[in-house]
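Student: Here is the input, now give the coordinates:
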Amino acid sequence: MELPQGLKTLETFLTNGEGVFRLGGLRPASLAFILSKIPLPASLFLVFPTEKEVFGFVRAFRFFSGKSVEVFPAPDHPPFAEVLPSVEEGAGRMAFLYGLLFGRARVRAASVEALVRRVPPREILREAYEYLIPGEDFPREALLERLVGLGYERVG
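Tutor: Numbering: from 1, shown residues only. Coordinates of the predicted model:
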């Protein structure tokens, strides 16, 4: 696809694959269409102003390219609310961070709101995860000791 002159700099940026590129004025679906038509780098991280725009891009990119986008979800509660995050929210955010550490996804997207919340430092995440696969055997006592070491308590 032949890009208009103004978007050739985007293609050049994506080909070089380093740095930051700011692009405004496009609807998420338009950006999804353009990105589906040009070669993408090994990893691409897109930041949108709102969650609505993130999910608009995700739907459109899946439609135009058939590829998926890994999304860093924004918390579903205000920053200083005295509420614990839901299990799904915490798991989604940790899965995204795990993917960043170990390079799973090609295209990632997040809203500004999702990015302003604190996350554990990279070093802690590298050391503090335990990858379990359903149906696979694992040493139970070693796992329990590891979980206690991470701050969980044995009960019952």
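Student: how about the strand or helix carrying residue 59: buried residues?
Tutor: Assessed by DSSP states H and E, residue 59 sits inside helix 51-65. Going by neighbour count (16 or more other C-beta atoms under 10 Å), the buried part of helix 51-65 is 51, 53, 54, 55, 56, 57, 58, 60, 61, 65. C-beta: built from backbone N, CA, C; applies to glycine.
Student: who's in contact with that helix?
Tutor: Helix 51-65 has contacts (C-beta atoms under 8 Å, 6 or more residues apart in numbering) with 27-29, 31-33, 35-37, 46, 48, 67-69, 71, 73-74, 107, 109-111, 113-114.
Student: rerun that using 10 Å as the cut-off
Tutor: For helix 51-65, contacts defined as C-beta atoms under 10 Å, 6 or more residues apart in numbering pick out 26-37, 40, 46-48, 50, 67-74, 76, 107, 109-114.
Student: Summarise which helices and strands whichever helix or strand comes after that helix is packed against.
Tutor: Counting by DSSP H and E, the next helix or strand C-terminal to helix 51-65 is strand 70-72. Counting contacts by 3 or more C-beta pairs under 10 Å, 6 or more residues apart in numbering; DSSP states H and E, strand 70-72 packs against strand 44-48, helix 51-65, helix 87-102, strand 107-111, helix 112-115.
Student: Thanks a lot, see you next time.
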